[in-house]
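Engineer: Sequence first, predicted model second:
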Protein chains: 4
Amino acid sequence: MSALNVALIGYGFMGKAHSNAYAQVGHFFPDVRKVRRKVVCGRNRAGLEALAKAWEWEEIESDWRRVIERKDVDLVDICTPNYLHSEMAIAAAEAGKMVLCEKPLANNLAEAREMTEAVASVPNFVWFNYRRVPAVELARRFIEEGRLGRIYQYRAQYLQQWGPDPSRPRNWKMSKRTAGSGVNGDLNSHLVDMAMMLLGPIRELSATFETFLAKRPDPDNPGSTYPVDIDDAVLVQARFDNGALGSFEATRFATGFQNDNSFVVHGSRGMVEFHFEDMNRLVFADAGGDPDLRGRRTLLAPSPGPPGAPHYWKPGHPLGYEHTFISSLADFLAGVDAPEPAKPTFEDGLAVQRVLAAVEASALGRHWVETGL
Amino acid sequence: MSALNVALIGYGFMGKAHSNAYAQVGHFFPDVRKVRRKVVCGRNRAGLEALAKAWEWEEIESDWRRVIERKDVDLVDICTPNYLHSEMAIAAAEAGKMVLCEKPLANNLAEAREMTEAVASVPNFVWFNYRRVPAVELARRFIEEGRLGRIYQYRAQYLQQWGPDPSRPRNWKMSKRTAGSGVNGDLNSHLVDMAMMLLGPIRELSATFETFLAKRPDPDNPGSTYPVDIDDAVLVQARFDNGALGSFEATRFATGFQNDNSFVVHGSRGMVEFHFEDMNRLVFADAGGDPDLRGRRTLLAPSPGPPGAPHYWKPGHPLGYEHTFISSLADFLAGVDAPEPAKPTFEDGLAVQRVLAAVEASALGRHWVETGL
Amino acid sequence: MSALNVALIGYGFMGKAHSNAYAQVGHFFPDVRKVRRKVVCGRNRAGLEALAKAWEWEEIESDWRRVIERKDVDLVDICTPNYLHSEMAIAAAEAGKMVLCEKPLANNLAEAREMTEAVASVPNFVWFNYRRVPAVELARRFIEEGRLGRIYQYRAQYLQQWGPDPSRPRNWKMSKRTAGSGVNGDLNSHLVDMAMMLLGPIRELSATFETFLAKRPDPDNPGSTYPVDIDDAVLVQARFDNGALGSFEATRFATGFQNDNSFVVHGSRGMVEFHFEDMNRLVFADAGGDPDLRGRRTLLAPSPGPPGAPHYWKPGHPLGYEHTFISSLADFLAGVDAPEPAKPTFEDGLAVQRVLAAVEASALGRHWVETGL
Amino acid sequence: MSALNVALIGYGFMGKAHSNAYAQVGHFFPDVRKVRRKVVCGRNRAGLEALAKAWEWEEIESDWRRVIERKDVDLVDICTPNYLHSEMAIAAAEAGKMVLCEKPLANNLAEAREMTEAVASVPNFVWFNYRRVPAVELARRFIEEGRLGRIYQYRAQYLQQWGPDPSRPRNWKMSKRTAGSGVNGDLNSHLVDMAMMLLGPIRELSATFETFLAKRPDPDNPGSTYPVDIDDAVLVQARFDNGALGSFEATRFATGFQNDNSFVVHGSRGMVEFHFEDMNRLVFADAGGDPDLRGRRTLLAPSPGPPGAPHYWKPGHPLGYEHTFISSLADFLAGVDAPEPAKPTFEDGLAVQRVLAAVEASALGRHWVETGL
């Protein structure tokens, strides 16, 4: 099988994380299709060249449309600000390319619908990378195997703390036009994707938004401020189709926590708890068995069990952030030639977007909203 | 000053916790008014006698009205099921007794209002014991001193796990008639009291109730079930008067957690986190200072700092559950002779009851509710 | 059965802890012999009166010999500096009193031997209180039940941090004459007692002492220093009769740890770990069972299992430092009327003293020493 | 500057870890010399080919002497069993190659001396990879900056649990001939290197060895056993030149711990604690400052502070095991063209070997031994 030629659009933090995945996937997963770092695309020449040099991209390009038109590109990977996802993904799909897209899928539900229709005929994937943390995969397997029994409650939090920092540069994440929303799309999208992967569809929800700083100091214009039109924090109460009660919180104002993406699942037979700050561990409690031994236990994952683990290091040798991207890519590539594509596809990204839209409708309308899922 | 003669009504788990407080308060706090364990009152003769014997109550009595009528009783302490609080507290106040009452203050808001009016002229107190955990007191002091800066978010959880257990005896806590509510009054009342002590009044909220098991096996009638009319779990989104965003969860279905009463406060200058499972500790993070050192730190409380600590043991020697009751009582007794009574008084209990009523209204009506505070 | 009249000698921190035990034992353990706080003895009138008043001792006395001569005293409890234990214990035993003594039993092995002989005919007990932490009892039971299999290694640490503090008052613990040793007797004695309770006798050992500050500022004479003749830290390597390898460390120079008495036991089938800072918990790992689930788990003790737990509060309601003394006393009292006395007796205290003597001999001689146990 | 051509000898777990470092170093550290994965060498054809294919080594070779003779090889990296290090390193140095060698440097002190002499004229390096954990680097910096003050105590443990497993294949690590020792060289070497990097030379020590299973089941010959001539566990008491007291433990029989390489440093001004299981964190306690705030705090490293961190991901995005190798290599490569080579060199490896030899002498002779450092 010939190698797939990759075009990467975007060269920021995600551009680096994806570059690493393309560089490493063949080393740890020698049996999946080979990929070739063909061309990376972006508008800032210096940043683009630096990324291309460090990560050995063969070519650079400043016009994304030219990249998509190239015959020798098989796969287009979109790491741009959210508001650009839709146009690029649709164009890439129309050009017959495989399409991978960073999360959230789109700026809004309408765009997400259009994109999902457009990619129906090509392999597609959304980078909800946290699905591939081995401890999360272990949690998923426990639920599937029935180790937690009937699920009663699900509690998810994504806590960051950079919100109050006035020296923070103003960027595309701080504007509704370019980001679609604040923490709802940025962080809550991860929580929602993880929750629905683990428990299935969310049926209805009630949410509230908060913007703590309506105006922020503009680091580029000392002394002046700019108005903030996005959500700094979001709280969601939800009910899943399976009867479980859910609670979600995403915030950039959680002083004390740099990047804590966490969830807890309480079931009739057991509990699991995950924190990305402790990404190599899963906490588990058994509701049954010897009463003397019913504490919470910390499982080191990759333990001998979870599939995928043997691809990296031995048990007891921690993995890091970047492995979630390598594993995502490996699964996508394996899925290209398999009867079933790897998840999450654009369909899954669209389901998340429906929930995000319901969150926004509920927060603005101050009432419960059905997701339609 | 002569000793206060105490009448305790109730002889269950709380009856024991309060008996211990009366027995110990003079040992650790030799400067407050003395108390005398005069009479304990209840309807189950055997249980009553066992408690009286173990804890050296001078007399026992089966009719609570006779206890209240006694001239030689100065203080009436009510540890009965919630639905009895109102009648007893009002009668005791009318008889001129000091009145202490277990939480939640009443079965509903109307009762709580009537009780609070009735006790206006006598010393009164509600046993929200968790206020007196030294680590909680430390948190309160940090907020007061401004160490956390402007408060952005408050997150509280009270997690218990006995809900799913079918062998659990049917008791007064499982019926709306006798308990007023399920976890809302039982557990959420603690969360709300703590939150308002730390941050001030809650202005508005949106809540949802869940009853996971609509029918429960009746251990007293094998093979049959009884209908459950109380809430097994409650979720609340709230806004405080001070602009902070709050999130509350109370549940008896949190497999993996025996009795975890917790809160986290995120402010512009710092964060504190408390878990009753680790009651001798407070987690603190500083948003400022040396960037190298900005982690979460675990303070052992009683550290040298917090007031009250010297009354027990040296730093590094853990306190337990019971000390929260001893300290509550010591503060109440000190308040009897002070210009200001100790908190929480019935007024504070009434404020909590307002919030509980708003929670119920919101959960049933599925909309946001103002608390009126 | 008539109540036992208690005479307590000493009124410091231990005097308070023991007073509490005498006050509380009948409340939580109503079935053991009653005790009466008859007389407390000491040389500082003010301190003595304060303790007696707070803890309701009926009488005070300044001459310990007069206390021992009293006909109406049944039980003598010695909480004085170590160098006084021997003379007092022997006199009390000769007067036919029950004798309880704080740890370490004596200033040296010769004294400990003489004391143990002297008390042979009366009920006797050494206050190694940490044996009675419910989590420690759970660990003991696990080992006894074979849940850990063959024991390979034992690692114990007692970490305190007050050593470097120059403002620390000079007291009897800082002198070989009055304390016998530094951390060896003060802290290592606890480690050794716990280890031998759990694993049986220590056969041989190699130790080293360190005195970090040979002279200390004398807070009583500003500007001057006093020479230190005791050990600030001790390290021990040991072999147990059962073949296990042991490692002990006791120190007052462990910055960061207020009072962390800990042990870890590694066996062929499992592991337990205990830290007094988390005294309500025992960490357990199972070497067998489902490989997916082999993490370290945190058991909340008192869990439903451990004997003794029902005497205090429900699971999930933390106990504190003081309960170790109450349980010690309850067990001693139950043992007075039982076929077998409660442990640790003076015989057990003597065994610990043999190990402490071997530690000293090894540290001074710089070679391995047999304990003779 | 032209790329360095690398020859890797060995294709096991370390071969994979080093391959990854060669593949990744240029991506994260684009400014250091380029490396080219020229040839990998080993005796098992299938294993060798699999590694070469996955990690894109240009060539494979079965005879290590031929590899060393090649003109187009600039750098020889030795990942073979310990007993082969010496001959290979000397030959490579004599051929003028740069020499990198896995730890421990050699099977014994004599070999290590000879090797160190031989490589004196070429760039050389020992893979004590744990030095490059960002949290360890942070600890080193804290000590250097005086944040811990005078160091009193150092406590290091390397805990693994695979020892008791009878199904474990018999390999070169289980024989004195091929490994030189058991845990002393395998695990204790890491502890000693880390300790001396942080605190400077160890002056004297007292050690003990234990072999728990004198015969082990031979998985290759069911029903038969083979004799074990290596140490399963080692305990060391030590004194550093700077006056600190040290304690070391390395074991493969620590049920409950997969791979916990840890250390604690207690100083007059503060404490640090590190556990490889939590490799992204450093625990720190300040002995001074506000008494209210003197708890242990968990610093997430890479925090904004430690040098090297910006090369990977943003703070709050965990690194893993493999980054320690990438950073080691980056530092080595930077050192090749710098006035001072990166540490640890063979000289540092030799110093560790002196300590390991002293440990063995002490354990066999049962007395204290000077290291001669």
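Structural biologist: Happy to help now that I have it. Numbers count the residues shown, from 1 in each chain, chains lettered A, B, ... in the order given.
Engineer: Does stretch A:184-202 reach chain B?
Structural biologist: No - using Cβ under 8 Å from any Cβ of the partner chain, stretch A:184-202 stays clear of chain B, coming no nearer than 13.6 Å. For glycine as for every other residue, the C-beta is placed from the backbone atoms N, C-alpha and C.
Engineer: Quick check: mean pLDDT of that stretch?
Structural biologist: On average, the pLDDT along stretch A:184-202 is 98.
Engineer: which parts of that stretch are buried?
Structural biologist: By 16 or more other Cβ atoms under 10 Å in any protein chain shown, the buried positions in stretch A:184-202 come out as A:184-199, A:202.
Engineer: for stretch A:328-338, same thing?
Structural biologist: Buried residues in stretch A:328-338, counted by 16+ other Cβ under 10 Å: A:S328, A:L329, A:A330, A:D331, A:F332, A:L333, A:G335, A:V336.
Engineer: who's in contact with it?
Structural biologist: Contact with stretch A:328-338 is made by A:1, A:4, A:18, A:21-22, A:25, A:28-29, A:32-33, A:35, A:98, A:100, A:123, A:125, A:127-129, A:131-132, A:311, A:341-342, as judged by Cβ atoms under 8 Å, 6 or more residues apart in numbering or on different chains.
Engineer: what about 7 Å?
Structural biologist: A:21-22, A:25, A:29, A:32-33, A:100, A:123, A:125, A:127, A:129, A:132, A:341-342 (Cβ atoms under 7 Å, 6 or more residues apart in numbering or on different chains).
Engineer: Helices - which of these land there?
Structural biologist: Taking DSSP state H, the ones among the contacts of stretch A:328-338 that sit in helices are A:A21, A:Y22, A:V25.
Engineer: how near is the closest residue to the last one other than its chain neighbours to chain B?
Structural biologist: Spatial nearest neighbour of A:V25, excluding adjacent residues (Cβ to Cβ, 6 or more residues apart in numbering or on different chains): A:L329 at 4.9 Å. With distances taken as Cβ to the nearest Cβ, to the nearest Å, A:L329 is found 33 Å from chain B.
Engineer: mind checking how far the helix or strand harbouring A:L329 is from the chain centre?
Structural biologist: Here A:L329 sits within helix A:323-336, counting by DSSP states H and E. Distance of helix A:323-336 from its chain centroid, counting by Cα atoms, centre = their mean, to the nearest Å, is 13 Å.
Engineer: Please apply the same query to stretch A:36-51.
Structural biologist: 23 Å.
Engineer: so for that stretch, what's the average pLDDT?
Structural biologist: Rounded mean pLDDT across stretch A:36-51 is 96.
Engineer: Look up which residues are beta-bridged to the residue of the stretch 201-350 of chain A found nearest chain C.
Structural biologist: Closest to chain C within the stretch 201-350 of chain A is A:R297: 3.1 Å, counting by Cβ to the nearest Cβ. With DSSP bridges as the criterion, A:R297 is bridged to A:F284, C:R297.
Engineer: residues touching it, list them.
Structural biologist: A:V283, A:F284, A:A285, C:L293, C:G295, C:R296, C:R297.
Engineer: A:A50 and A:N171, how far apart?
Structural biologist: Going from A:A50 to A:N171 by Cβ to Cβ, to the nearest Å gives 18 Å.
Engineer: The two: which is more packed in?
Structural biologist: Ranked by neighbour count (other Cβ atoms under 10 Å in any protein chain shown), A:A50 and A:N171 place A:A50 first, with 14 against 11.
Engineer: Which strand or helix spans the more buried one?
Structural biologist: Assigned by DSSP H and E, A:A50 belongs to helix A:45-55.
Engineer: Is the nearest residue to A:A254 once chain neighbours are set aside bridged to anything, and to what?
Structural biologist: Distances taken as Cβ to Cβ, 6+ apart place A:L159 nearest to A:A254, at 3.6 Å, with adjacent residues excluded. Taking DSSP bridges as the rule, A:L159 bridges to A:T251, A:D260.
Engineer: go on, A:V264?
Structural biologist: A:R155, A:E273.
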